[in-house]
Each structure stands twice: as structure tokens, then as C-alpha cells.
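**Q** this one's structure only:
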């Protein structure tokens, strides 16, 4: 009995909030912002003071307010300050932006090696101003561990909303056995659980990814540019398979993203209730009207087809990729321009991992070139992306929200390319970049 009582006391002590056990002073920071875009899509305000306590914004005041005793002052009086950015489509796992190196080292890399790359990719992504990302395809266990490592403060990186492995039909875009020699394909089959055929099997595949820690589900409505043998970019799944995936995910509280190129795949996914269409390279009028009617988000990833085409023409990708890359690159710009003009809801995404990590902000210029205003492009990467994720704690700078804050020199509303040179990055109240330079982490 004494032992049980002692264990009970220890458990109760562990469950007692830290603030009740010890008196820990709050970490308070005052940011003096020269220009503050607190709510992208609205007009910026002039000189302002953002007050942060324990990683949360508690107040915004006009002018430059003197910090309270013991508070840290961050001087951004000559900078344009705004919320941290959100990238709705990245692949942090493994080697990114270098497909030839990835292919040549595939047989020599373990998951542990790819995790080391992912840690580095996460940090450069954060330093580019992206304080939250949705990772849409990587090791299910590894990405869950990376996500939790960031949240514990063990490593520097953005908040990660992870999908685990993408769901695909056999022979589809995320079937790892595509084009692989028999001896290796047999080994892959023994571990691969993300492929499915038929609605019941697809329900199983979704549930298994969620059991491994997936916070969002991604599936392949169509073929993909980078598949070695999967033919074309056309529709790959039946209506029943798509509905089974989406219903299973929604039933367990997860949103669903679909990789989709061909219009037929996009229209079937939207009709089945998908939350975001990623890529959307071939959007006809019917697909656009259906997306508007259903309130489906488009995540255009305009960088991806351009990067894939450049890599394919340099011989860095298999020959089967070249015609698909050319087709997608030629169609995507026109499709996205038409979608923007029609008023389809747009959330920012890059497919980084196809392109290099840290170059994410180059997507802004492509969006503007396709007809989006700089103001709307910034909103797509902040408030829109937060809404598409279902996360009300990010996307703007306001009391109660996470202190995810970045700064650039000069207004990106005048020149969107300024987003490619983020000089200051704060995530959850911790400064990771200042004066354009990486800060020590954890802070000394």
C-alpha cells in the first residue's frame, strides 16, 4: 500500500502544472515594427509594437512602446513585419532538389540518413520564413518523429502537419515498386502499406497511416510527373476508392489533400469531398466551377513543373519523366491563371523537395505572374493557408495567436521578390534568424 501511495503521489506531482510547482517568470518580448501587415489581405499599419509573452502574441499597440522591465526589445523599425508563412506542400524527407544524387545513393541510404537530410531541410525552410508546413509524403514514422522533435524544441524547424506516406493504387504515382528490379521490388512489397486497390483496401491504407501519426491524408488521384513508369498524368482511382479514402480520413478527423493533374481526376476528387487539390495542372471550366461550388482549395505548386522540366532536360530524371514534365509545365500556368481569375480559393504551396528547400518563396513571383496581386499572394501563404489547414492559431498577428513572425526589407506589396530575402524569423516567440543570419539554437 505504501508503494502504491508513493507512486500515486509521484504521478500527481508530475501532473501538476509547472507554474503551480515553481514560479517561472514569463518570457516577454517587444517588437518595434516599422510597417506591420498584421492581417494579410488588408492594408498594413504604420509603426507598431507587438508584445509577446511565452510564445504568444498578447497585444499590438500603435507606435513604439518602451518595453516593460525585464522584457527583450527587438528592433525592426526599418523593416516590413508580417506573420510567418505557411507552405501547404513540401517533402522534407531525404534529399531534396537533387534527383540524380537521390537516385544514385538510394541503395546506400537508410532512414536514419534521410532523417538527417530532413532535419537540415526543416531548418532552411524555417529560415526562409516558413514557420508552418504541410508535409505531403515522407516516412510515416520519421516525419512523425521530426514533427515532435520540433515541438519539443529539440531541433529548429517549422511546425509540421504530416501526411505520412501517400495513398496510391498499385502501379500509381506513390507505388514504390514502379520500375524497380524484381529483387528490390519484392523487398519493397514486404514493407509497403500505402498502396491499395478497391474501396475496402483504401480504407485500410488510410487508417494505417493515421495509426502511424499522420495528421493529414494525401492520396494520388492521377499519375505523376516523377513516376518512373506510371503512364501519363491521367486519372488513376475509381470514384469508390476516392470516396473510401476521404470518408475514412474525415471520419478520423483528418483533412485530405489529393495530388491531381488531369481534370478528370480533379473533378472526381472534388465531387468526393477532398479538401485541397494540389497541382491542378489541367483545370477546365467544369473543374473550376466545381471547386468554387464545393469550396475546394487549390494548392498550385507552380514551382514544381518548372523544376521538374529543367531537371528532366538535363538528364537528371528518367526518360519516362520528360514528356510528362513538358505536358504539365505547358498547361499548369494557363490553368492556374484561369483559376485565379475565376475566384477559386487558393492556398500557397511549392512541392519543395522537387525544387530545393529554402527556395520556397520563389513561388510568389510565379503566382503574381499568373495574375494574382502581391497582396493576395501573401494572403494565400498566411490567412488562406491557415484556414485550409484548419488552424486558427496562425496566419495573422493578433492577441492569442502563436508568435510566428517574419520581417523583410521593404514592402513586398511593391515588389514580391522581397519575400525571397527574409531577414528575421520568429517561431513561437523564439528568434531563429535576425539580421539575415542564423541564430544559435537552442538560444545560448
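**A** Received, thanks. Because the structure is a prediction, the values reported are computed rather than measured.
**Q** buried residues in the helix or strand where residue 250 lies?
**A** In the assignment (DSSP states H and E), residue 250 maps to helix 239-251. The neighbour-count check on helix 239-251 (16 or more other Cβ atoms under 10 Å) flags 241-250 as buried. C-betas here are computed from N, CA, C, even on glycine.
**Q** And the next helix or strand past it?
**A** Moving toward the C-terminus from helix 239-251, the next helix or strand (DSSP H and E) is strand 255-260.
**Q** wait, which of the buried residues of helix 239-251 is closest to residue 209?
**A** Nearest to residue 209, judged by Cβ to Cβ, of these is residue 249 at 8.8 Å.
**Q** In contact with that closest one, which residues?
**A** Under the criterion of Cβ atoms under 8 Å, 6 or more residues apart in numbering, the contact partners of residue 249 comprise 206, 210, 216-217, 255-256.
**Q** What of residue 240?
**A** Residue 240 neighbours (Cβ under 8 Å, 6+ apart): 198-199.
**Q** can you pull the buried residues of the one helix or strand residue 368 maps to?
**A** Assigned by DSSP H and E, residue 368 falls within helix 362-369. Applying a neighbour-count criterion of 16+ other Cβ under 10 Å, one finds 362-368 buried in helix 362-369.
**Q** picking that back up, would you mind getting the angle between the helix holding residue 250 and strand 255-260?
**A** Computed by axes from the mean of the first three to the mean of the last three Cα atoms, to 10 degrees, the angle separating helix 239-251 from strand 255-260 equals 150 degrees.
**Q** give me the number of residues near residue 338?
**A** Each residue near residue 338 was counted by other Cβ atoms under 10 Å, and the total is 17.
**Q** whoops, residue 319 was the one
**A** Using other Cβ under 10 Å, residue 319 has 9 other residues around it.
**Q** Then residue 110?
**A** By other Cβ under 10 Å, the residues close to residue 110 number 8.
**Q** Kindly report the same for residue 410.
**A** The tally of other residues near residue 410 (other Cβ under 10 Å) stands at 14.
**Q** same thing with residue 155?
**A** Count around residue 155 with other Cβ under 10 Å applied: 17.
**Q** Residue 431: what secondary structure?
**A** Recorded secondary structure, residue 431: strand (DSSP: H, G, I helix; E, B strand; the rest coil).
**Q** Near it, how many other residues are there?
**A** 19.
**Q** Double-check it against residue 440; I have them as touching.
**A** No - contact between residue 431 and residue 440 fails when scored by Cβ atoms under 8 Å: they sit 9.8 Å apart.
**Q** contacting residues around residue 197?
**A** 169-170, 241.
**Q** cool, residue 205 as well?
**A** By Cβ under 8 Å, 6+ apart, the neighbours of residue 205 are 167, 193-196, 245.
**Q** In helices, which of the residues you listed fall?
**A** Cross-referencing the contacts of residue 205 against helices under DSSP state H gives residue 245.
**Q** Which of the contacts of residue 205 has the largest number of neighbours?
**A** Sorting those by how many neighbours each has (other Cβ under 10 Å) puts residue 167 first, at 32 neighbours.
**Q** Any idea what the closest residue in space to that one that isn't next to it in sequence is bridged to?
**A** Spatial nearest neighbour of residue 167, excluding adjacent residues (Cβ to Cβ, 6 or more residues apart in numbering): residue 219 at 3.8 Å. Per DSSP bridges, the residues bridged to residue 219 are residue 167, residue 258.
**Q** so residue 219 makes contact with residue 260?
**A** No - using Cβ under 8 Å, residue 219 is not in contact with residue 260; the gap is 9.4 Å.
**Q** can you list the residues that contact the top helix by length along the chain?
**A** In the chain, taking DSSP H as the definition, the longest helix is helix 321-342. Residues outside helix 321-342 that contact it (Cβ under 8 Å, 6+ apart) are 223-228, 232-233, 261, 279-283, 285, 288-289, 291-292, 298, 300, 302, 305-306, 308-309, 311-313, 317, 346, 366-367, 369-372.
**Q** now those residues: which count as buried?
**A** Here, 16+ other Cβ under 10 Å leaves 223-227, 233, 261, 279-283, 288, 291, 298, 300, 302, 305-306, 308-309, 311-312, 317, 346, 366-367, 370, 372 buried among these.
**Q** Can you flag which of the residues you listed belong to helices?
**A** Residues of those located in helices (DSSP H): 288, 291, 305-306, 308-309, 311-312, 366-367.
**Q** ok, those residues vs residue 36, which is closest?
**A** Nearest member of these to residue 36, counting by Cβ to Cβ, is residue 367, at 22.7 Å.
**Q** quick one, what contacts that closest one?
**A** Taking Cβ under 8 Å, 6+ apart, one finds 300, 302, 336, 340, 346, 348, 377, 380 in contact with residue 367.
**Q** From residue 346, how far out is the fourth one?
**A** When distance is defined by Cβ to Cβ, to the nearest Å, residue 340 is 7 Å away from residue 346.
**Q** So what sits opposite the closest residue to residue 433 other than its chain neighbours in the bridge?
**A** Excluding its sequence neighbours, the residue lying closest to residue 433 (Cβ to Cβ, 6+ apart) is residue 425, at 4.0 Å. Residue 425 forms beta bridges with residue 406, residue 433, as assigned by DSSP bridges.
**Q** which residues touch residue 425?
**A** Neighbours of residue 425 in contact, by Cβ under 8 Å, 6+ apart: 84, 126-127, 129, 131, 405-406, 431-433.
**Q** chain center to whichever helix or strand residue 113 is part of, what's the gap?
**A** Take DSSP H and E as the rule and residue 113 turns out to sit in helix 111-127. How far helix 111-127 lies from its chain's middle: 14 Å, per Cα atoms, centre = their mean, to the nearest Å.
**Q** what does stretch 291-300 give?
**A** Taking Cα atoms, centre = their mean, the mean C-alpha location of stretch 291-300 is offset from the chain mean by 17 Å.
**Q** just stretch 109-116 next, same as before
**A** 21 Å.
**Q** Let me see the mean pLDDT of it.
**A** Mean pLDDT, stretch 109-116: 90.
**Q** and residue 206, that's in a helix?
**A** Yes - judged by three-state DSSP, residue 206 forms part of a helix.
**Q** Apart from its neighbours in sequence, what residue is nearest it?
**A** Closest residue to residue 206 apart from its sequence neighbours, by Cβ to Cβ, 6+ apart: residue 248 at 4.1 Å.
**Q** about what we covered before: now the longest helix of the chain: mean pLDDT?
**A** Mean predicted lDDT for helix 321-342 stands at 87.
**Q** Would you format the contacts of residue 425 as TSV with pLDDT included?
**A** Formatted as TSV, the contacts of residue 425 follow (pLDDT from 0 to 100):
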residue	pLDDT
84	98
126	98
127	98
129	98
131	98
405	98
406	98
431	97
432	98
433	98
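**Q** Which members of those residues define the maximum pairwise distance?
**A** Between all members of these, the farthest pair (by Cβ to Cβ) comes out as 127 and 405, at 13.8 Å.
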